[in-house]
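S.K.: Structure for this input, please:
(one chain, ligands or ions: 1)
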Amino acid sequence: MTNNTTRCGLIAIVGRPNVGKSTLLNALLGQKVSITSRKPQTTRHRILGILTEESNQAILVDTPGLHTEEKRAINRLMNRAASSSIAEVELIVFLVEGTHWTQDDELVLQKVKQSGAPCILVVNKVDNVEDKEALLPHLQKLGEMHSFETIVPVSALKGDNVDTIKQMCFDALPEGDFWFPEDYITDRSSRFMASEIMREKLMRFTGDELPYSTTVEIEQFKQDEYGTLHINALVLVERNSQKRMIIGNKGEKLKTIGQEARRDMQNLFGQKVFLETWVKVKSGWADDERALRSLGYGDDYSG
Ligand SMILES: Nc1nc2c(ncn2[C@@H]2O[C@H](COP(=O)(O)OP(=O)(O)OP(=O)(O)O)[C@@H](O)[C@H]2O)c(=O)[nH]1
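M.R.: Okay, the predicted model is just below:
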């Protein structure tokens with residue numbers, strides 16, 4: 001019998017636009033989530049997907065040098081059972097394309113070097129390379145640019161060698177509890193994190209007075225064309241007195257909570273955040289359903 005040890009950690013997937021990151025992600029995630037629908041080049045540091053298989057959970061993010069603040073935020077929010085801190089991303093998967101090497105690739109390489117994290121170089125779109133003879137010397141040249149763990153030629157589109165990448169991601173994970181429920185995928189988890197940030201601020205600014213039954217529902221989580229996230233957070237409490245407590249004198253407390261939450265959200269998502277918050281007293285059955293939805297057990301979010 002194998003034991004129940006689980007492994008979990010952050011894996012960065014980086015590469016200039018159009019190298020096939022989304023295609024690789026979809027191949028890795030087995031079409032569980034369509035990431036190609038996200039707007040290209042507008043997001044930084046965000047969770048791209050969560051790959052959970054058996055005892056492994058790889059959290060795929062899109063930046064190599066996660067700032068300490070962000071790491072702390074993720075850690076604080078997600079790692080409930082264990083208190084171990086996240087030092088770095090465990091591995092960087094650096095995507096380039098065929099036999100090309102561009103200025104943008106060079107820029108990404110600099111970031112990879114700065115981060116100091118182990119890195120595998122994934123040469124994508126090899127199915128497109130007409131001159132197969134040219135591939136080997138090209139790979140050799142790439143190998144001289146940095147001390148990559150390994151260089152893997154793949155075709156994300158055809159699925160060639162994608163399993164090798166997946167295994168390398170899993171092998172890089174340290175032992176630890178899962179940070180997300182097993183069925184979590186990217187969009188939901190962003191909402192989940194937004195609500196966790198709100199909860200955390202509520203707790204911090206209202207202390208023990210806030211009952212456990214308080215829930216936060218993220219009613220809107222939308223990105224506009226300029227890359228700003230518009231997040232509406234609804235705080236549901238049981239009594240008017242609790243509502244007053246959260247709102248505070250002339251709304252001061254809710255304002256502070258909102259400001260702090262917004263700052264953390266911006267850090268975590270790496271995007272400008274426009275956050276609206278309001279507090280409502282929940283009443284009856286309909287709100288129970290809401291509360292459940294806010295925990296992610298209801299309909300899928302499509303916002
Ligand atoms: N021939 C071939 N085409 C690929 C492969 N992988 C991706 N592509 C194509 O390359 C184009 C860009 O792929 P994406 O996955 O959207 O690239 P991306 O890096 O996510 O781009 P951004 O979202 O702009 O960062 C698409 O037309 C893909 O179909 C591959 O292995 N072989």
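
S.K.: Assign the closest residue to the ligand within the stretch 151-300 of the chain to helix, strand or coil.
M.R.: In the stretch 151-300 of the chain, the residue that lies nearest the ligand is residue 157 (3.4 Å; C-beta to the nearest ligand atom). For glycine as for every other residue, the C-beta is placed from the backbone atoms N, C-alpha and C. Three-state call for residue 157 (DSSP: H, G, I helix; E, B strand; the rest coil): coil.

S.K.: Low-confidence ranges, the stretch 101-250 of the chain, go.
M.R.: The stretch 101-250 of the chain contains residues with pLDDT under 70 at 181, 183-189, 208-209, 211-212.

S.K.: Could you report the distance from the closest residue to residue 170 other than its chain neighbours to residue 178?
M.R.: Nearest residue to residue 170, sequence neighbours excluded (C-beta to C-beta, 6 or more residues apart in numbering): residue 56, at 4.3 Å. Note on residue 56: its distance to residue 178, by C-beta to C-beta, to the nearest Å, is 9 Å.

S.K.: Now do the shared contacts for these two.
M.R.: 6, 8 (C-beta atoms under 8 Å, 6 or more residues apart in numbering).

S.K.: quick revisit: got the contact list for the residue of the stretch 151-300 of the chain closest to the ligand?
M.R.: So residue 157 contacts 20, 23, 27, 125, 127 (C-beta under 8 Å, 6+ apart).

S.K.: Would you mind measuring from it to residue 49?
M.R.: To residue 49, residue 157 is 17 Å away according to C-beta to C-beta.

S.K.: got it, and residue 246?
M.R.: Residue 246 sits 34 Å away from residue 49, going by C-beta to C-beta.

S.K.: Please apply the same query to residue 248.
M.R.: Counting by C-beta to C-beta, the gap from residue 248 to residue 49 is 38 Å.

S.K.: what do you get for residue 276?
M.R.: Separation of residue 276 from residue 49 (C-beta to C-beta): 27 Å.

S.K.: what about the two, which has more around it?
M.R.: residue 49 (25 against 13; other C-beta atoms under 10 Å).

S.K.: would you say the more buried one is within a strand?
M.R.: Yes. Using three-state DSSP, the assignment for residue 49 is a strand.

S.K.: so it makes contact with residue 27?
M.R.: No. Taking contacts as C-beta atoms under 8 Å, residue 49 lies outside contact range of residue 27: 10.9 Å.

S.K.: Check residue 39 and give its pLDDT.
M.R.: At residue 39, the pLDDT value in this model is 33.

S.K.: quick one on the thing from earlier: from memory the residue nearest to residue 170 sits against residue 11, does it?
M.R.: No. Applying C-beta under 8 Å, one finds residue 56 not in contact with residue 11, separated by 10.6 Å.

S.K.: Can you pull the residues that touch both of those two?
M.R.: What both residue 56 and residue 11 touch, as defined by C-beta under 8 Å, 6+ apart, is the set residue 173.

S.K.: could you pull out the helices for the stretch 151-300 of the chain?
M.R.: 162-172, 186-206, 240-247, 252-269, 284-294 (DSSP state H, counting those that start in this stretch).

S.K.: Please list the residues of this protein that sit near the ligand.
M.R.: With the criterion set to C-beta under 6 Å from any ligand atom, the chain comes near the ligand through 15, 17-23, 36, 40-41, 124-125, 127-128, 155-157.

S.K.: Give me the buried entries from the residues you listed.
M.R.: By neighbour count, with 16 or more other C-beta atoms under 10 Å, the residues of the chain next to the ligand hold 15, 19-23, 124-125, 155-157 as buried.

S.K.: For residue 267, grab the count of nearby residues.
M.R.: Residue 267 has 18 nearby residues by other C-beta under 10 Å.

S.K.: gap between it and residue 197?
M.R.: 9 Å.

S.K.: now do residue 256
M.R.: Distance from residue 256 to residue 197, by C-beta to C-beta: 14 Å.

S.K.: neighbours around the closest residue to residue 131 other than its chain neighbours, how many?
M.R.: Leaving aside its sequence neighbours, residue 131 sits nearest to residue 99 (C-beta to C-beta, 6+ apart; 7.3 Å). For residue 99, the neighbour count with other C-beta under 10 Å is 20.

S.K.: try residue 182
M.R.: The burial count for residue 182: 10, using other C-beta under 10 Å.

S.K.: Excluding chain neighbours, give the residue nearest to it in space.
M.R.: The nearest residue in space to residue 182 (C-beta to C-beta, 6+ apart) is residue 52, at 4.9 Å.

S.K.: Bridge partners for the one you found, pull those for me.
M.R.: Going by DSSP bridges, residue 52 is paired in beta bridges with residue 57.

S.K.: In terms of helices and strands, where is residue 4?
M.R.: Residue 4 belongs to no helix or strand when elements are defined using DSSP states H and E.
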